[in-house]
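**Student:** just the structure for this:
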Amino acid sequence: MRQVIILPLITLLLGLGMSSSCGKTSATGSGQPGNSAATKAKSVALSWDAAQGTPATSYQVYGMPNLKDAEIPIVTVKADDESFDRAKPAVTIQSTNRALAPYVGKNFCFVVTAVVGGTESLPSKAVCQKL
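**Tutor:** Below is the predicted model:
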């Protein structure tokens, strides 16, 4: 039987101080990161609230050019990495990332999932910005 872990909302902060949300929603509850944020320069800085309950062993960041397309794996963030702050989870993704390269100059959306005990949560709410 598959265990479901629910991930909270993420928020994307644009480099101009504005925020944008694509409107993709997920159920809320424990185990799900929330309040993600991203800023844009030559990189995208994503941040989110840590998963509630059992600490996540990692977080998976996915992207998509629009909400109708399949999610593209962007990066896995390991919670045991010494540079990772469990209290303020975040990752910076360079605009040169191979997965993002085809979308530079276009709108792009991000979601985050938490991996707890080998089970990946539902994705957070999508946040979008122009790359």
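
**Student:** so the residue positioned nearest the centre of the chain: helix, strand or coil?
**Tutor:** Of all residues in the chain, the one closest to the mean position by Cα atoms, centre = their mean is Val112, 2.9 Å from it. The assignment at Val112 comes out as strand when based on DSSP: H, G, I helix; E, B strand; the rest coil.

**Student:** let's number from 360 now, not from 1
**Tutor:** All set: I'll call the first residue 360, so the last point we hit is now Val471.

**Student:** mind listing what it touches?
**Tutor:** Contact analysis of Val471 by Cβ atoms under 8 Å, 6 or more residues apart in numbering lists 366, 369, 392, 395, 405, 407, 418-421, 482-483. Using the backbone N, CA and C atoms, a C-beta is placed for each residue, glycine as well.

**Student:** could you find the closest non-adjacent residue to it?
**Tutor:** Ranked by Cβ to Cβ, 6 or more residues apart in numbering and with sequence neighbours excluded, the top spatial neighbour of Val471 is Ser483, at 4.7 Å.
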